[in-house]
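> predicted model and sequence follow; I will ask about them next.
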Amino acid sequence: MVRQAARCKLVVFASYLLFGFFALSTRGVGQTLRTPPVTIEGDHFLRAGKPYQIISGTIHYPRVPREYWRDRLRKARAMGLNTVETYVFWNLHEPRPGVFDFSGQLDLARFIRMAQEEGLNVLLRPGPYVCAEWEAGGLPSWLVGDQEVQVRTRDLKFLAAAQRYLDRVGKEVANLQATHGGPIIAIQVENEYGSYGHDKEYIEAIRKEVVHAGLGDSLLYTSDGADQLPNDALPDLLAVINFGPGDAKRDFAKLAELRPHQPMTTGEYWDGWFDAWGNKQHVHTDAEAQAEEIDWILGQGYSVNLYMFHGGTTRGFMNGANMGSGSDARYEPQTTSYDYDAALDEAGRPTRKFFLLRDVIERRTGIKPPPLPDPLTIGSLKEFALTESASIWDNLPEPVESVAPKTMEQLGQSYGYVLYRTKLTGSRKGTLKIEDLRDYAAVYVDGKLAGTLDRRLRQSSLPIEIPAAGASLDILVENTGRINFGTHLADGRAGIVGPVSLEGRVLQGWKNYSLPMNSPEGIRHWTKDKVVGPAFHRGTFTLSKPTDTNLDTSTLTKGFVWLNGHNLGRTWNIGPQESIFVPAPWLQQGTNDVVVFDYAELPPISLRGLAEPLWSK
């Protein structure tokens with residue numbers, strides 16, 4: 001054991017000498033860059049015939065404004081990382097069957113090339129499932145909402161859809177594998193499948209699809225918890241473990257027992273954690289303890305990927321939700337912020353954790369990392385008023401009529417809200433029950449709020465009273481995030497999924513109003529008078545020089561915010577998040593437009609920008 005440890009430390013040193021040469025020789029060459037591939041020899045990685053150690057951190061390109069990709073990548077190098085890792089998000093790239101988007105913010109190939117320009121390798125995790133605290137684990141809504149498709153199985157419909165997607169990813173990035181001179185050194189097959197199932201024939205099918213997509217020229221690997229890895233690890237694929245602080249020695253010992261003659265690698269070292277709506281406070285983890293554990297991992301010569309190096313922000317309606325499998329399982333949607341208590345905070349600023357980990361990496365490798373780039377300015381915004389409002393009742397589209405409520409997917413909708421309306425005869429007083437609500441509803445009788453139902457709280461019924469003349473019953477439902485982990489992932493329908501009953505009698509005859517909230521354009525009937533019920537509210541502010549800021553949303557109740565047409569993400573007064581990070585590239589010199597949607601009847605309110613994020617105390 002002593003000889004093994006000594007040999008591993010030499011591996012660390014040699015690998016960093018090699019990486020330092022690689023980075024210096026390729027910096028600034030542009031498209032002529034060539035990254036040597038990484039291979040396996042026995043229990044260690046090789047590059048150009050010499051031992052190599054992967055020291056990586058995760059950055060998700062959709063969670064970081066494209067204009068800031070290079071800043072975050074340079075900061076990864078400045079912490080001493082030689083590699084970055086990212087998932088690929090199927091639901092973003094194929095929003096409708098056969099319709100793909102790899103442009104702008106979704107230009108995966110550009111992100112990968114930029115990593116190479118900054119002297120970084122890339123670990124690519126294309127899925128098809130990714131988890132990531134992301135809506136449906138990255139699976140498209142049109143797929144998880146189709147009850148004829150069994151996701152993450154050998155169902156031919158699922159495999160055909162996955163192959164079409166992976167082939168399109170391959171078209172974008174197959175030529176960026178290190179075997180072709182690009183920076184991609186390894187590609188994951190599926191993702192933590194052993195925590196979901198145990199069908200190794202399914203994993204073999206996905207491996208064949210990855211190869212068919214042209215992505216088989218790199219190291220292929222699977223990753224999972226040490227106890228779950230036997231469920232999905234194929235004998236000829238690199239097996240990689242995921243774990244949290246305090247588990248390194250135990251779980252690496254399990255990996256060594258399972259795979260005694262392969263490199264020891266962690267695919268995810270959870271150096272932070274995510275926030276869920278309703279948590280008492282923002283997650284904070286022990287940076288010193290993590291630095292000590294990373295020091296031990298590197299000292300053994302093992303490779304590591306920090307999940308996350310930089311979390312960023314989950315924009316729009318892309319947050320996922322957790323839900324266990326037992327009878328006491330609770331639905332827990334995640335917040336807009338994906339700060340993750342990572343080495344770089346949500347705004348991309350180095351934290352204490354960054355410097356602790358940088359010092360550990362430098363001490364273990366003997367290589368001084370490049371300096372940090374100049375810091376980005378983050379500032380405040382003067383308070384500005386939301387001066388106009390528009391009622392949602394005045395902005396309804398043409399309805400789809402049906403006997404029973406339709407799900408979002410049946411309406412051809414992926415995200416956002418649905419208003420369900422039916423007419424009731426009176427006089428009645430009783431319990432309204434929604435058998436399967438996904439995920440939050442406000443119930444109105446003749447436009448007056450009767451109560452709310454929240455899936456988080458396992459609420460499915462409330463008392464209502466119908467006058468003698470009858471009434472209009474409206475149920476405004478928000479999809480607050482499809483489940484991204486666990487057995488409930490398989491059924492990703494949103495909206496009202498089960499029957500709606502009053503006094504035990506199923507209600508029929510519904511109008512379904514689809515409200516995807518794709519854009520603030522087209523909102524009608526703005527007024528400066530107070531409006532009743534859920535509504536849009538808008539205002540403007542002017543800037544002479546845009547900087548990053550945090551929009552204070554503590555005066556809002558539940559909804560989301562558009563800024564200059566960008567959906568910044570959700571708001572909810574249950575905390576812990578009480579502000580939304582706003583990147584300077586989304587602001588403009590001169591006039592800026594803000595539109596808020598909120599369930600509540602808001603009083604006249606003002607918003608402001610803060611230099612620091614606001615969290616529940």
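Received the coordinates, thanks. These numbers were taken from a predicted model, which means no experiment stands behind them.
> could I get the full set of strands for the stretch 1-150 of the chain?
Remark: strands assigned in the stretch 1-150 of the chain by DSSP state E, counting those that start in this stretch are 38-41, 44-47, 50-52, 55-59, 83-87, 121-125.
> how about the nearest residue to the spatially most central residue of the chain, chain neighbours excluded?
Residue closest to the mean C-alpha point of the chain, counted by C-alpha atoms, centre = their mean, is residue 134 at 3.5 Å. Residue nearest to residue 134 in three dimensions, not counting chain neighbours: residue 320, with 4.9 Å by C-beta to C-beta, 6 or more residues apart in numbering. (Each C-beta comes from the backbone N, C-alpha and C, glycine too.)
> correct me, but residue 54 touches residue 303?
Yes: contact between residue 54 and residue 303 holds when scored by C-beta atoms under 8 Å: they sit 3.9 Å apart.
> between the two, which contacts overlap?
Residues touching both residue 54 and residue 303 (C-beta atoms under 8 Å, 6 or more residues apart in numbering) are 45, 265.
> is it correct that residue 613 is in contact with residue 554?
No: contact criterion C-beta under 8 Å: residue 613 and residue 554 do not qualify, at 11.3 Å.
> give me the more crowded residue out of these two.
residue 613 (20 against 15; other C-beta atoms under 10 Å).
> state the phi and psi torsions of that one.
The phi and psi torsions at residue 613 (degrees, to the nearest 10) take the values phi -60, psi 160.
> list the contacts for it?
Counted by C-beta under 8 Å, 6+ apart, residue 613 has contacts 337, 339, 346, 347, 550, 577, 579, 581.
> which of those residues sits closest to residue 565?
residue 581 (17.1 Å; C-beta to C-beta).
> quick revisit: could I get the strands of the stretch 1-150 of the chain as TSV with mean neighbour count?
Formatted as TSV, the strands of the stretch 1-150 of the chain follow (neighbours: other C-beta atoms under 10 Å):
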stretch	mean neighbour count
strand 38-41	15
strand 44-47	21
strand 50-52	20
strand 55-59	27
strand 83-87	25
strand 121-125	25
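> format those as a markdown table; extra columns: mean pLDDT and distance to residue 502.
Formatted as a markdown table, these follow (pLDDT from 0 to 100; distance: least, C-beta to C-beta, whole Å):
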| stretch | mean pLDDT | distance to residue 502 |
| --- | --- | --- |
| strand 38-41 | 97 | 63 |
| strand 44-47 | 97 | 64 |
| strand 50-52 | 96 | 66 |
| strand 55-59 | 98 | 48 |
| strand 83-87 | 98 | 44 |
| strand 121-125 | 98 | 47 |
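> in JSON lines: those strands, plus distance to residue 366.
Converted to JSON lines, those look like this (distance: least, C-beta to C-beta, whole Å):
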{"stretch": "strand 38-41", "distance to residue 366": "21"}
{"stretch": "strand 44-47", "distance to residue 366": "18"}
{"stretch": "strand 50-52", "distance to residue 366": "15"}
{"stretch": "strand 55-59", "distance to residue 366": "13"}
{"stretch": "strand 83-87", "distance to residue 366": "18"}
{"stretch": "strand 121-125", "distance to residue 366": "20"}
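> nearest to residue 184, out of these?
Residue 184 sits nearest to strand 121-125 of all the strands of the stretch 1-150 of the chain, at 4.7 Å, using C-beta to C-beta.
> which strands and helices sit next to the closest one?
Packing partners of strand 121-125 (3 or more C-beta pairs under 8 Å, 6 or more residues apart in numbering; DSSP states H and E): strand 83-87, helix 108-117, strand 184-188.
> I'd say residue 140 and residue 93 touch.
No: under the contact definition of C-beta under 8 Å, residue 140 does not touch residue 93, with a separation of 9.0 Å.
> just to revisit the earlier point, would you mind finding the most buried of the helices and strands packed on strand 121-125?
Mean neighbour count (mean count of other C-beta atoms under 10 Å) peaks for strand 184-188 among the helices and strands packed on strand 121-125, with a mean of 26.
> ok so, going back, residue 442 is nearest to which of the strands of the stretch 1-150 of the chain?
When the strands of the stretch 1-150 of the chain are compared (using C-beta to C-beta), the closest one is strand 83-87, at 33.7 Å.
> orientation of the closest one relative to strand 121-125 in degrees?
With axes from the mean of the first three to the mean of the last three C-alpha atoms, to 10 degrees applied, the angle from strand 83-87 to strand 121-125 works out at 20 degrees.
> on that earlier part again, quick check: neighbours shared by residue 613 and residue 554?
residue 579.
> thinking again about what came up before, gap between the residue nearest to residue 134 and residue 359?
Distance of residue 320 to residue 359, given as C-beta to C-beta, to the nearest Å: 34 Å.
> ok, those two, which is more surrounded?
residue 320 (24 against 14).
> surely the more buried one meets residue 130?
No: in this structure, residue 320 is not within contact of residue 130 by C-beta under 8 Å, at 9.8 Å.
> identify the contacts common to these two.
In terms of C-beta under 8 Å, 6+ apart, residue 320 and residue 130 are both contacted by the residues residue 137.
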